[in-house]
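Colleague: the following comprises the amino acid sequence and a computationally predicted model.
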Amino acid sequence: MKTTMTVALRLTRRALSVLLLGIPAAIYSQQPTQPPTQAQPAPVPHVTDTTTPKLVLFITIDAMRSDYLARFDGQLIGGLGRLYRGGAFFTNGFQDHAITETAPGHSVTMSGRFPVHTGIVMNVAGVNDTTVKLIDAPGMGASPFRFRGTTLTDWLIAKDPRTKVLSVSRKDRAAILPIGKSKQPVFWYDPVNGNFTTSTYYGPTLPDWVRAYNARKVPLSYAGRAWRPMLVDSAYTEPDSVPYEAGAVDFMFPHIQPTAPDSAVAFITEFPWMDEVTLDFALSGVKALNLGAGPQTDILAISLSTTDAIGHKYGPDSREIHDQILRLDRSLGAFLDSLYKVRNEKDVVIALTADHGLTPFPEVHTTHDTNTGAHRINVRPVLQRLSNTLAARGVPGNGLEVISGVYAGNGFYFDSGVLQLDRAALQRANVNVDTLLATLRANFLKVPGVARADRISALATADTVNDKIARRWLHMFNDENTAAMVVSLAPYNYWLSTYLAEHGSPNDTDAHVPILFYGSWFKPGRYPEFATVADMAPTLAAVARVTPLEKLDGHVLQNAIR
Ligand SMILES: [Zn+2]
């Protein structure tokens, strides 16, 4: 079944990250040497109300496109509808960086800084850490060892050491990165045993309440369940019969979760109820940790990952994603109702965003321009020529190797549009890097669908107000040791990849995300001003009346604050 292929690809990519840890990890861990692009000084809180929240609930919905909210608004009667209609919503909100993957996006949410400053630039160099182990679970260890700087958690603890924190997600990177380096209760889902786990970075054992939750085997209780649309057929405008979805296998409702226990706990990640389980687990944590009881401001960070899994599999225009958003709306509504039974709503501030968006299948546009001419871009011939040239010059390597979309050639890596050079090896072979990059740039630009190929040194002089692609790359990298050249595709194109729907580009389909605040500190309404996810942490810091401990890239979204 195709879902097995998805898991296999993920594992391959994960295995690859181990292989690549040598060069890229070293490259990515370099400290920035230039001042931040568009950096703002640490904001001064301007709120007049002296009361502060007892709980900051920060919800990150993985791959939640901003337009889903308006598109399904009339059918959102649960938590999403409540937040969308009752909150301060920034309609022009962006993850304003180029590699719109999960790890970089989550590193921005609660730090107020772009990936160029958090040090988290790609999933393959995200939280994967071979020096730590998972607790009571197989799989690679995970920690925030690559993350640089501080987050809202650190700022709150600096003000009041009583501050309590809980972060939960189905994904390790989505649980870890919003909190930064702080050793807090941070838990994610282990799809092998069907348990929530953490790593030895955070402590030697799981706390009693997590063990008790795992003992209930909640994920297993969904084994064999059929996913059918929750509303009548006429409520969905999207066709169900689109073979581009799910690699043309199991692309129509109903989708049946496997019954065998091993498969059931593995594949629940591709069904809407994984979000229900994550929220249920978070609520257990609120009670066990007595989170949000005050007087200090506590943090509950929840990242819900199923919108990403379903979006990848069926695309953003599918009947499946429509139904997922409706189910997420209901799950979130039930969660908020339960939370407000144990905590006063007026003490809670909620922020909601996404780590990135999602680009439709190039072949399928039901709600987008159908004449984009978009397709899947294959730059392998360009990279093959580069590898051959370098091999002929004596740069060592095994020729061009490709594992799950990451290219490794003689003296270079290419992933997500980023070329990294082994400059020492090139220097030893007397290769002129400027000439090499000029030729390579010309070759990239000959490939239809490639919009631009830029050296970071050239982007540094770009008009970063009007040239959003340049700006987004500069929010990712600031020197050519980290990224010698960055290649951007024209909107709606994909890198040649699997059958999955994709994100990861600097284009708006992947960068446009909801930015929403809800609670008595905010004025409900629609805010059309440009906002970035990096603005969220300083804005929350302002209402919690704490001062960030370092220079941030984001600024306080003052207009929305009462
Ligand atoms: Zn994704």
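Modeller: Yep, that arrived.
Colleague: residues in contact with Gln456?
Modeller: Actually, residue 456 is Ile rather than Gln. Trp473, Leu474, Phe477, Asn478, Asp479, Glu480, Thr482, Ala483, Ala484, Met485, Val486 (Cβ atoms under 8 Å, 6 or more residues apart in numbering). For the C-beta atoms, the positions are set from N, CA and C on the backbone; glycine is no exception.
Colleague: excluding chain neighbours, what is closest to it?
Modeller: Glu480 (5.1 Å; Cβ to Cβ, 6 or more residues apart in numbering).
Colleague: count of residues packed around that neighbour?
Modeller: By the measure other Cβ atoms under 10 Å, the count of residues near Glu480 is 19.
Colleague: what is the nearest of the contacts of Ile456 to Arg65?
Modeller: Trp473 (21.6 Å; Cβ to Cβ).
Colleague: find the nearest non-adjacent residue to the closest one, please.
Modeller: Closest to Trp473 by Cβ to Cβ, 6+ apart is Ala98, at 4.5 Å.
Colleague: repeat for Leu76
Modeller: Nearest to Leu76 is Asp329, by Cβ to Cβ, 6+ apart, at 4.7 Å.
Colleague: now the residue nearest to Ile456: how far from Gln75?
Modeller: 49 Å (Cβ to Cβ, to the nearest Å).
Colleague: do Lys346 as well
Modeller: Counting by Cβ to Cβ, the gap from Lys346 to Gln75 is 28 Å.
Colleague: so between those two, which is more surrounded?
Modeller: Gln75 (18 against 13).
Colleague: show me the contacts for that one.
Modeller: Counting by Cβ under 8 Å, 6+ apart, Gln75 has contacts Leu231, Ala235, Leu326, Asp329.
Colleague: repeat that with 10 Å
Modeller: Gly81, Met230, Leu231, Ala235, Tyr236, His322, Asp323, Ile325, Leu326, Asp329 (Cβ atoms under 10 Å, 6 or more residues apart in numbering).
Colleague: what comes up buried for stretch 213-233?
Modeller: The neighbour-count check on stretch 213-233 (16 or more other Cβ atoms under 10 Å) flags Tyr213, Asn214, Val218, Pro219, Tyr222, Ala223, Arg225, Trp227, Pro229 as buried.
Colleague: for Val431, which non-adjacent residue is spatially closest?
Modeller: According to Cβ to Cβ, 6+ apart, the nearest residue to Val431 is Arg393 (5.6 Å).
Colleague: tell me the pLDDT of the one you found.
Modeller: The model reports Arg393 with a pLDDT of 96.
Colleague: what is the neighbour count of it?
Modeller: By other Cβ under 10 Å, 14 other residues sit near Arg393.
Colleague: all the helices of the stretch 51-200 of the chain, residue numbers only.
Modeller: Secondary structure of the stretch 51-200 of the chain (DSSP state H, counting those that start in this stretch): helices located at 67-71, 79-86, 102-109, 115-118, 152-159, 172-176.
Colleague: residues in contact with the second one?
Modeller: Looking back up the chat, that one is helix 79-86. So helix 79-86 is contacted by 59, 61, 64, 68-70, 72-76, 89, 279, 325-326, 328-337, 339, 350-352, 514, 516-519, 522, 524-526 (Cβ under 10 Å, 6+ apart).
Colleague: one step back: residues in contact with the residue nearest to Val431?
Modeller: Here Arg393 is in contact with Asn410, Gly411, Leu426, Ala429, Asn430, Val431, Leu436 (criterion: Cβ under 10 Å, 6+ apart).
Colleague: show me where pLDDT drops low in the protein?
Modeller: Low-confidence segments of the chain (pLDDT under 70): 1-50, 365-372.
Colleague: report the contact partners of the residue sitting nearest the centre point of it.
Modeller: The residue lying closest to the centre of the chain (Cα atoms, centre = their mean) is Thr102, at 2.3 Å. Under the criterion of Cβ under 10 Å, 6+ apart, the neighbours of Thr102 are 60, 62-63, 120, 122-123, 126-127, 169, 171-174, 177, 303, 305, 308, 354-356, 503-504.
Colleague: okay, and the closest residue to Pro191 other than its chain neighbours sits in which element?
Modeller: Distance criterion Cβ to Cβ, 6+ apart; nearest residue to Pro191, sequence neighbours excluded, is Ala266 at 4.7 Å. Element membership of Ala266, judged by DSSP states H and E, is helix 261-267.
Colleague: check which residues of that helix are buried.
Modeller: Ala264, Val265, Ala266, Phe267.
Colleague: repeat for stretch 151-158
Modeller: Applying 16+ other Cβ under 10 Å to stretch 151-158 flags Thr151, Leu152, Thr153, Asp154, Trp155, Leu156, Ile157 as buried.
Colleague: before we move on, what about stretch 461-471?
Modeller: Thr464, Lys468, Ile469, Ala470, Arg471.
Colleague: over to the second one: give its phi and psi.
Modeller: So that's Lys468. Backbone geometry at Lys468, expressed as degrees, to the nearest 10, gives phi -70, psi -30.
Colleague: got it, and the fourth one?
Modeller: In terms of degrees, to the nearest 10, the main-chain angles of Ala470 are phi -60, psi -50.
Colleague: equivalent analysis for the third one, please.
Modeller: Per-residue torsions, Ile469: phi -70, psi -40 (degrees, to the nearest 10).
Colleague: test my guess that it contacts Asp454.
Modeller: Yes: the criterion here is Cβ atoms under 10 Å, and Ile469 meets it with Asp454 at 8.3 Å.
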